[in-house]
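Asker: Starting from these lines, generate the structure:
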Amino acid sequence: MARISNLFRIAAFYNWLVGIPLLIATAPMLAIIGLAAPEDLTWHRLAALLIAIFGVVYWIIAPAPSQHRPFIKLAVAGKVSVFLLFAQAWNAGFVTSMAFGIAVGDLLFGILFALALRELAKASH
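Answerer: I've put the predicted structure just below:
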């Protein structure tokens, strides 16, 4: 169980590492990952805020993952969906390899979350 708790703590820090700088310094962070900043940064800032909030959710899950399995299922769906969205955008040439690399991190967390769910299910029987 400690391994799963640590996974969610690491995921929280990953989300905060991406979300908080993107929220605070949106245009410079977009430039770092090779994306042009639009005139209106509202949608990018909203995405950054949600990324950071999901970090809080992962932190809440961490102490007692078995009590939060429905939220872990949503986390799997969210992480895999982010990857699929970025994969499509990368394939179309809309995002850089660096931005896509961040999404690959989301895919890895999605897979690890799914494996954690399986382990939690086995432990509950």
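
Asker: which stretches of the protein form helices?
Answerer: 2-24, 26-32, 42-61, 69-91, 97-123 (DSSP state H).

Asker: Tabulate those helices (CSV), appending mean neighbour count.
Answerer: Backbone N, C-alpha and C define where each C-beta goes, glycine included. Below are the helices of the chain laid out as CSV (neighbours: other C-beta atoms under 10 Å):
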stretch, mean neighbour count
helix 2-24, 17
helix 26-32, 15
helix 42-61, 17
helix 69-91, 16
helix 97-123, 16
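
Asker: could you redo those helices as TSV and give each row mean pLDDT?
Answerer: Below are these laid out as TSV (pLDDT from 0 to 100):
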stretch	mean pLDDT
helix 2-24	97
helix 26-32	95
helix 42-61	97
helix 69-91	96
helix 97-123	95
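
Asker: for Phe94, phi and psi?
Answerer: phi -90, psi -20 (degrees, to the nearest 10).

Asker: scratch that, Asp40
Answerer: Phi and psi for Asp40, reported as degrees, to the nearest 10, are phi -100, psi 120.

Asker: Over to Gly34?
Answerer: Torsion angles, degrees, to the nearest 10, at Gly34: phi 80, psi 20.

Asker: Excluding chain neighbours, what is closest to it?
Answerer: In space, and not counting its chain neighbours, Gly34 is closest to Thr96: 3.5 Å by C-beta to C-beta, 6 or more residues apart in numbering.

Asker: Test my guess that the one you found contacts Ile33.
Answerer: Yes: using C-beta atoms under 8 Å, Thr96 is in contact with Ile33, at 6.1 Å.

Asker: Tell me who's in contact with the residue nearest to Gly34.
Answerer: Neighbouring residues of Thr96 by C-beta atoms under 8 Å, 6 or more residues apart in numbering: Ile33, Gly34, Leu35, Trp90.
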